[in-house]
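Student: no letters, just coordinates:
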């Protein structure tokens, strides 16, 4: 008679190792998907910021072109309702030194005197998405009037000096990227001074 081998009980080691490997692979896949999603969002935000920068730069150039026209629009005080982006100087009040002065371009709707920014037309003829979804605006402040020698004039002491009046303007342009409807950032603010 042959001896029959007594069957050994299954220990399930292969099943446990398989489950552990499956969990590790799942964690690696989830981590990889998260990294890919994060990189995609970073790339999208970078592109959105670049678009906002380009729109702000175009709005700045549009404002500079406005100042090169022979006839300028009317510049008014910030308290005027018809300003539409063209403002006279609004210096700090010497009678109220305790009131903190804010430059016009830093003021928000929470401030008493809030400027009206002029919408830039730079994205009106833009190619399809995403640039056409971006928006930009600018405001121009007349800073000061200066007297300076006319170009080509001599600065010798005995020469009569021909002087002319020049006006200095500060242009502030800001823009939001193509994602501006969903979230307010990124905002790009550019400034230049212009002498006319």
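Tutor: Noted; the coordinates are in hand. Given the structure is predicted, the values throughout are model-derived calculations rather than measurements.
Student: so, low pLDDT: which residues of the protein?
Tutor: Flagging of the chain using pLDDT under 70 yields the residue ranges 1-11, 81, 123-130, 150-162, 180-186.
Student: spatially central residue in this structure, please.
Tutor: Centroid check for the chain by C-alpha atoms, centre = their mean gives residue 188 as the closest residue, at 1.5 Å.
Student: quick check: buried residues in the one helix or strand it maps to?
Tutor: Secondary-structure element containing residue 188, defined by DSSP states H and E: strand 187-195. Buried residues in strand 187-195, counted by 16 or more other C-beta atoms under 10 Å: 188, 190, 194. (Each C-beta comes from the backbone N, C-alpha and C, glycine too.)
Student: give me the beta-bridge partners of the residue nearest to the centre of the chain?
Tutor: As for beta bridges, residue 188 partners with residue 175 under DSSP bridges.
Student: that one contacts residue 52, correct?
Tutor: Yes - in this structure residue 188 lies within contact range of residue 52 using C-beta atoms under 8 Å: 4.4 Å.
Student: run the angle between the particular helix or strand that has residue 30 in it and strand 187-195 for me.
Tutor: Of the helices and strands defined by DSSP H and E, residue 30 is found in helix 13-67. Using axes from the mean of the first three to the mean of the last three C-alpha atoms, to 10 degrees, the inter-axis angle of helix 13-67 relative to strand 187-195 is 20 degrees.
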